[in-house]
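# Return a 3D structure for these sequence lines:
(one chain, ligands or ions: 3)
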Amino acid sequence: MIKIKIESHASDKANVHALFFVKKSVQFSSVLSPEGEEQVENVLTEIEKGISDDLDIMVIDGHATIFVNAAKERGISSLDHLRMAGYRLGLRVQKKQFKMVKLLLADAADEQFKAILHGLYYSDYSFEKYKSKPKKTVEPIYEIEAQDRAKDFEKIAHEVAIEQECLGLCKDLINTPGSDLTPEEFIHVAIRESHRAPDVSIKIRNDKQLAREGFNGLLTVGKGSRYSPYLVTLSYTPKHAAKDKHLAIVGKGLTFDTGGISLKPAKGMNEMQSDMSGAAAALAAICAAARLKLPIRITAILCLAENRIGSKAVLPGDIFKAKNGKTVMVDNTDAEGRLVLSDGLAEAGLVNATHIIDLATLTGAMVRALGYAITGFFANDDQLAKDIIIAGNASSEKFWPMPLEDEYADELKDKFADLTNCGKSSGAILAALFLREFIPNGVKWAHWDIAGTAYVTKPWKYTAYGATGIGVQTLIELARKLGGEEP
Ligand code: BES
Ligand code: ZN
Ligand code: ZN
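Ligands and ions are numbered 1, 2, ... in the order given. A predicted model of the protein is given here:
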């Protein structure tokens, strides 16, 4: 783990391996040795003139001087440039095994400082649990020279550390293989984390309780598995909270999705260990919100199950009665996410949420539509849609609004049951329209289809292969906004 120390005084630059500073006027950052300051000033001037535009990381003075220019990145905001700069700096520091790095950031705006810190933390994440020889790492100390900004920076550093710790939890869960992170194991993690977060309580329903209460979506999907499905409800009830707002975060938590009897093809099926990314993000976000003491009531609802084949598995054509009384024909057992979410959304109604966000790796269609860099979302409320995009921008997560097109809703009608889980066009819109059938009246709702953005199969921005942790930071920003703080 990296260590962050905020200093109010200008400190002695001896024994420091690298210096890093941000200038107000430019969107990049640099690291230099005391001797190299003049040299780097020259490079900065060149970059400002656009001469050295293609510079990435430049070692100017042996191990002591590093120059970072993230400005060449396409399609990312200036704050994201700073995240990239922090990230690259962090990688460099690791590679060079620097122990002490000084950041001169008194000129940085709060959000710039925050972005750099996020980048540093991203560089520090790796998932090495399964490596027989984990990489050797030093624990670098980053001393931040903040001058009169020390108090503000302390607060930001504290918040970023919490967010990144919870993001790390989310990514670890997603990166853990399906046979190790079973529904059973997931609830143990949820219990452990709920105990660490202040004012958070947890309620868990197993298969017997689900059957007693009619949560048949989870039971239907979980039938083929040897593990019980679970509905986990975590409640964060702060002492001081906005009276009229209660945010429910509902996460799809398929610890593995084989497709069931409508079996998936073998190629790439291993990626379906990430089909619980929505639930992981929901757990991480509520823990972060509680530890950040955000003044808003939040309920996180995790819909945990494993979609397997076997003699007990649900058959195509089977019909079950969902928690809200509607009957559903399971046309395709691979469209299981919407079935488990029907229970999660019903639970959000039972706890009287005013706002519901559901996160789900729901459709291959969304992957094809928007790819790995943009999360498509659907909302039944314009203000909520705007807030999501703004919160996403503040978190370097891109969101794009998709239509809840009524014209397609007829495809959800079944001959025998009220609904089928899979119409002819089987797209992302239809999946969202299916979920809308389970939204309690009058509740503001948005569905985030994170199928493309939760897990990457090539390194992207500050993420290596695997989990991105998508959604966690935007959820935190959104909770801040709903609780009364502007993001
Ligand atoms: N978990 C998948 C969706 C998915 C695909 C997530 C690719 C991440 C990457 C989901 O359960 C699924 O299989 N959806 C089907 C639905 C179809 C059968 C209506 C799909 O999109 O193909
Ligand atoms: Zn599926
Ligand atoms: Zn799935």
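
# Would you indicate which residues of the longest helix along the chain are buried?
The longest helix of the chain (DSSP state H) is helix 150-175. Applying a neighbour-count criterion of 16 or more other Cβ atoms under 10 Å, the buried positions in helix 150-175 are 150, 153-154, 156-157, 159-175. Backbone N, C-alpha and C define where each C-beta goes, glycine included.

# and if you look at stretch 194-209?
Residues 194, 197, 200, 202, 204-205, 207 are the ones in stretch 194-209 that count as buried (16+ other Cβ under 10 Å).

# now for the longest helix of the chain, which elements pack on it?
strand 3-7, helix 110-124, helix 183-196, helix 277-291, strand 466-467, helix 472-482 (3 or more Cβ pairs under 8 Å, 6 or more residues apart in numbering; DSSP states H and E).

# Rebuild those as CSV, extending it with mean pLDDT and distance to K267.
What follows is the helices and strands packed on helix 150-175, written out as CSV (pLDDT from 0 to 100; distance: least, Cβ to Cβ, whole Å):
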stretch, mean pLDDT, distance to K267
strand 3-7, 93, 43
helix 110-124, 92, 30
helix 183-196, 98, 26
helix 277-291, 99, 20
strand 466-467, 98, 18
helix 472-482, 98, 29
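
# Quick one: neighbours of L478, just the number.
Using other Cβ atoms under 10 Å, L478 has 28 other residues around it.

# Quick check: closest non-adjacent residue to it.
Nearest non-adjacent residue to L478, counting by Cβ to Cβ, 6 or more residues apart in numbering: A391, 4.3 Å away.

# Same check on A106?
For A106, the closest residue by Cβ to Cβ, 6+ apart turns out to be Q147, at 4.1 Å.

# For the closest residue in space to V456 that isn't next to it in sequence, give its distance to K461.
Closest residue in space to V456, ignoring its immediate chain neighbours: Y372 at 5.4 Å, by Cβ to Cβ, 6+ apart. Taking Cβ to Cβ, to the nearest Å as the measure, Y372 falls 10 Å from K461.

# so what's the one residue in the chain that gets nearest to ligand 3 bridging to?
Of all residues in the chain, D257 sits closest to ligand 3, at 3.7 Å by Cβ to the ion. D257 forms beta bridges with N307, as assigned by DSSP bridges.

# That one touches D275, doesn't it?
Yes - counting by Cβ atoms under 8 Å, D275 is a contact partner of D257 at 4.2 Å.

# Common neighbours of these two, please.
The contact sets of D257 and D275 overlap at 307, 337 (Cβ atoms under 8 Å, 6 or more residues apart in numbering).

# What's the local residue count around the residue of the chain closest to ligand 3?
D257 has 26 nearby residues by other Cβ under 10 Å.

# hang on, the earlier thing: the residue nearest to V456: what's it in contact with?
Contact partners of Y372, counting by Cβ under 8 Å, 6+ apart, are 452-453, 456, 460.

# Okay, angle between the helix or strand harbouring H447 and helix 472-482 too, please.
For H447, the enclosing helix or strand under DSSP states H and E is strand 444-449. Between strand 444-449 and helix 472-482, the angle comes out at 170 degrees (axes from the mean of the first three to the mean of the last three Cα atoms, to 10 degrees).

# C-terminal to strand 444-449, what's the next element?
Tracing the chain past strand 444-449, the next element assigned as helix or strand by DSSP H and E is strand 455-456.

# Partner strands of that next one and their direction?
For strand 455-456, using DSSP bridges, the partner strands are strand 466-467 (antiparallel).

# between the buried residues of stretch 194-209, which is nearest ligand 1?
Nearest to ligand 1 among the buried residues of stretch 194-209, counting by Cβ to the nearest ligand atom, is D207 at 20.6 Å.

# wait, isn't the closest one in contact with L219?
Yes - at 6.3 Å, D207 and L219 qualify as touching, with contact defined as Cβ under 8 Å.

# what residues do those two have in common as contacts?
Here D207 and L219 have P229 as joint contacts, going by Cβ under 8 Å, 6+ apart.

# G469: what secondary structure?
Per DSSP: H, G, I helix; E, B strand; the rest coil, the local secondary structure of G469 is coil.

# cool, and L263?
At L263 the chain is in coil, as set by three-state DSSP.

# Please name the spatially closest residue to it (chain neighbours excluded).
Per Cβ to Cβ, 6+ apart, closest to L263 is I309, 6.1 Å.

# and the one you found, how many neighbours?
When counting by other Cβ under 10 Å, one arrives at 15 neighbours for I309.

# Read off the pLDDT value for it.
The model reports I309 with a pLDDT of 97.

# near ligand 3, which residues of the chain?
With the criterion set to Cβ under 5 Å from the ion, the chain comes near ligand 3 through 254, 257, 275, 337.

# ok, back up a step: off-centre distance for the helix or strand hosting the residue nearest to L478?
Here A391, judged by DSSP H and E, is contained in helix 382-394. Its chain's C-alpha centre and that of helix 382-394 lie 15 Å apart, by Cα atoms, centre = their mean, to the nearest Å.

# Report the inter-axis angle for that helix versus helix 472-482.
130 degrees.

# what helices or strands is the helix or strand hosting V221 leaning on?
According to DSSP H and E, V221 maps onto helix 216-222. Applying 3+ Cβ pairs under 8 Å, 6+ apart, one finds that helix 216-222 contacts helix 207-213, strand 297-307, strand 319-321, helix 337-350.

# and stretch 236-256, anywhere near ligand 2?
No - judged by Cβ under 5 Å from the ion, stretch 236-256 stays clear of ligand 2, getting no closer than 7.1 Å.

# Please identify which of the helices and strands packed on helix 216-222 is closest to ligand 1.
helix 337-350 (4.6 Å).

# same for the closest one, what does it pack against?
helix 216-222, strand 230-236, strand 246-257, strand 297-307, strand 355-360, helix 428-436.

# ok, 6 Å please
Packing partners of helix 337-350 (3 or more Cβ pairs under 6 Å, 6 or more residues apart in numbering; DSSP states H and E): helix 216-222, strand 246-257, strand 297-307, strand 355-360, helix 428-436.

# Using TSV, lay out those together with distance to K444.
As requested, the helices and strands packed on helix 337-350 are arranged in TSV below (distance: least, Cβ to Cβ, whole Å):
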stretch	distance to K444
helix 216-222	22
strand 246-257	10
strand 297-307	14
strand 355-360	5
helix 428-436	12
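
# Could you dump those into a markdown table and include distance to ligand 1?
Formatted as a markdown table, the helices and strands packed on helix 337-350 follow (distance: least, Cβ to the nearest ligand atom, whole Å):
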| stretch | distance to ligand 1 |
| --- | --- |
| helix 216-222 | 10 |
| strand 246-257 | 5 |
| strand 297-307 | 7 |
| strand 355-360 | 8 |
| helix 428-436 | 7 |
